[in-house]
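Colleague: Generate coordinates for the sequence data below:
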Amino acid sequence: EEAVLAGAPRFRSLFDHHAAVSLLIDPHSGRIIDANEAAARFYGWSREHLRQMSIHQINTLPPEQLHAAMAQAASSRNYHFEFAHRRADGSIRAVEVFSSSVEVAGQPLLFSIVHDITDRKQAEEALRQQADALTAAKASVDNEQRLLSAVLDALPTGVAITNRQGGTLLTNAAYEHIWGGPIPETASVEDYDAYKAWWDASGEPVAPDEWASAIAIRTGQAAIGQVMRLQRFDGSEVYVINSAAPLFDHNGQLAGCAVAIQDITALKCTEQALRDTTEDLNRAQEVGHIGSWRLELRSGVLTWSDENYRIFGLP
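Modeller: Numbers count the residues shown, from 1 in each chain. Here you go, the predicted structure:
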């Protein structure tokens, strides 16, 4: 030990004054033969105290595992380790240890350079936790999107989601069915001229900025119940009720809109058939000079046919 502590002047100077934490350890007993000034500052014990200690008092590994690690280092099978080291104040620091087998005055020792990697480990753990959180968040979003898609595809009403420019982000199966096939790419309201429709009341064409989604995006207000006749992309025509409501993000800023479109062609055909039947009945009563009336007993509401009014001479 005296020979080791005396050492060569050049090694002694390098060992004592190097900024890296350095230890000389007996690989068989684990006794700390020497420690430099950096080690004393790092561990919080004086060099004299460290020389009276064993590495087992610093390294938190179980004794049998620590002996195995020192044996690996002594045999040059492994020179790089990561340990948890205890300091004088009781704190535990993650360290990276590079150990080499050296011989001093005929005695085999381990020359270990210790790097404090606690901050790096904490940063790595924080990154790992962030990565796990991002993975979990992505899985949650993917699951919500699958649920949303399943719900939308189960709806008989066509649904579309747009961005704040009016570009289409999402559509369900019913939406594409109403339009008679895949819809064209839509980046903004300006692209709405690809959609052909006419107002049911006036027969006038629907302008791009008159669609419910364009109104919802421009005004931030819902546009409900637009009745129109539209030309599907397969060339056929249907009657629909078109509506849209704005969507806002968590800051209250307009993020887009939700569109609902319902095929009412069958309803329109039924209404037309009812009008035709009513006209035929009125015409038949007019020709036969027969009037009719209906009295709702609960409400007391009396309804006359046109011919009944004519017979009684009432407007």
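
Colleague: Could you list the low-pLDDT ranges of the stretch 1-150 of the chain?
Modeller: 1-11, 78 (pLDDT under 70).

Colleague: how about the strands of it, start to end?
Modeller: Using DSSP state E, counting those that start in this stretch, the strands of the stretch 1-150 of the chain run over 21-25, 32-35, 80-86, 92-104, 107-116.

Colleague: List just the one of those that sits closest to residue 170.
Modeller: Smallest distance to residue 170 across the strands of the stretch 1-150 of the chain (Cβ to Cβ): 46.9 Å, for strand 92-104. Just so you know, the C-beta spots here come from the backbone N, C-alpha and C atoms, and that holds for glycine as well.

Colleague: any idea how far residue 32 is from residue 56?
Modeller: Residue 32 sits 10 Å away from residue 56, going by Cβ to Cβ, to the nearest Å.

Colleague: picking that back up, out of the strands of the stretch 1-150 of the chain, which one sits most buried?
Modeller: Among the strands of the stretch 1-150 of the chain, strand 32-35 has the highest mean neighbour count (mean count of other Cβ atoms under 10 Å), at a mean of 24.

Colleague: Adjacent strands (with direction) for it?
Modeller: Strand pairing for strand 32-35, determined by DSSP bridges: strand 21-25 (antiparallel).

Colleague: before we move on, back to that, output the strands of the stretch 1-150 of the chain as TSV; include the columns distance to residue 185.
Modeller: TSV is the format used below for these (distance: least, Cβ to Cβ, whole Å):
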stretch	distance to residue 185
strand 21-25	63
strand 32-35	71
strand 80-86	54
strand 92-104	53
strand 107-116	56
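
Colleague: Compare these and report which one is nearest to residue 268.
Modeller: strand 92-104 (74.4 Å).

Colleague: all helices of the stretch 151-300 of the chain, in order?
Modeller: Ranges of helices within the stretch 151-300 of the chain are 173-178, 212-219, 265-288, based on DSSP state H, counting those that start in this stretch.

Colleague: oh, I was asking about the stretch 1-150 of the chain
Modeller: Ranges of helices within the stretch 1-150 of the chain are 2-6, 9-17, 37-43, 47-50, 63-74, 118-154, based on DSSP H, counting those that start in this stretch.

Colleague: Put together JSON lines for these, with distance to residue 310 on each row.
Modeller: Shown next, in JSON lines, are the helices of the stretch 1-150 of the chain (distance: least, Cβ to Cβ, whole Å):
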{"stretch": "helix 2-6", "distance to residue 310": "130"}
{"stretch": "helix 9-17", "distance to residue 310": "122"}
{"stretch": "helix 37-43", "distance to residue 310": "112"}
{"stretch": "helix 47-50", "distance to residue 310": "121"}
{"stretch": "helix 63-74", "distance to residue 310": "110"}
{"stretch": "helix 118-154", "distance to residue 310": "53"}
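
Colleague: what's the burial count for residue 266?
Modeller: Residues near residue 266, counting by other Cβ atoms under 10 Å, number 10.

Colleague: what's the answer for residue 184, then?
Modeller: For residue 184, using other Cβ under 10 Å, the count is 11.

Colleague: Tell me who's in contact with it.
Modeller: 191, 194, 233 (Cβ atoms under 8 Å, 6 or more residues apart in numbering).

Colleague: and those, which are buried?
Modeller: Among these, the ones that count as buried by 16 or more other Cβ atoms under 10 Å are 191, 233.

Colleague: ok, now which ones touch residue 162?
Modeller: Here residue 162 is in contact with 168-169, 186, 213, 217, 256-259 (Cβ under 8 Å, 6+ apart).

Colleague: Quick check: PyMOL command selecting the buried ones in those residues.
Modeller: Of the contacts of residue 162, the buried ones can be selected in PyMOL as follows, counting by 16+ other Cβ under 10 Å:
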select buried, resi 168+186+213+217+256+257+258+259
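
Colleague: how about the contacts of residue 162, which pair is most distant?
Modeller: 186 and 258 (14.8 Å).

Colleague: which stretch among the strands of the stretch 1-150 of the chain comes nearest residue 289?
Modeller: Per Cβ to Cβ, nearest to residue 289 of those: strand 92-104, 105.9 Å.

Colleague: now the closest one against strand 80-86, angle please.
Modeller: 120 degrees (axes from the mean of the first three to the mean of the last three Cα atoms, to 10 degrees).
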